[in-house]
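Participant: how does the following fold in three dimensions:
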Amino acid sequence: MYGWLWRSLPGRPGVRTAWMLLLLLLAAAVLWFGVFPWLQLHVPVDGSSING
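Facilitator: All right, here's what the predicted structure looks like:
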């Protein structure tokens, strides 16, 4: 998958690296601000299963 993505991106290796970092940050932001808050509402997680 990463090879396909690397070959699909335009530009020289420096530009491709910048695009990959931008895509990584975008994916992390979507997970952090969109998926994880939605998941927290729909998946019950309590502290009883964590033994400290």
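
Participant: okay, and for the chain, where does confidence drop off?
Facilitator: Low-confidence segments of the chain, defined by pLDDT under 70, are located at 46-52.

Participant: what do you get if the cut-off is 80, keeping everything else the same?
Facilitator: 1-2, 44-52 (pLDDT under 80).

Participant: buried residues, the strand or helix carrying L26. List them.
Facilitator: According to DSSP states H and E, L26 maps onto helix 13-30. For helix 13-30, the neighbour count (16 or more other Cβ atoms under 10 Å) marks 16, 19 as buried. In short, each C-beta sits where N, CA and C put it, glycine included.

Participant: for G11, give me phi and psi.
Facilitator: Main-chain torsions, G11, degrees, to the nearest 10: phi 100, psi -180.

Participant: can you give me how far the helix holding L26 is from the chain middle?
Facilitator: 10 Å (Cα atoms, centre = their mean, to the nearest Å).

Participant: buried set for the next helix or strand after it?
Facilitator: Helices and strands here follow DSSP H and E; after helix 13-30, the next one along the chain is helix 36-42. Residues of helix 36-42 include none that count as buried (16+ other Cβ under 10 Å).

Participant: any chance you could list what contacts the helix holding L26?
Facilitator: Identification of contacts with helix 13-30 by Cβ atoms under 8 Å, 6 or more residues apart in numbering yields 5-6, 9-11.

Participant: before I go, just wanted to say thanks for your time.
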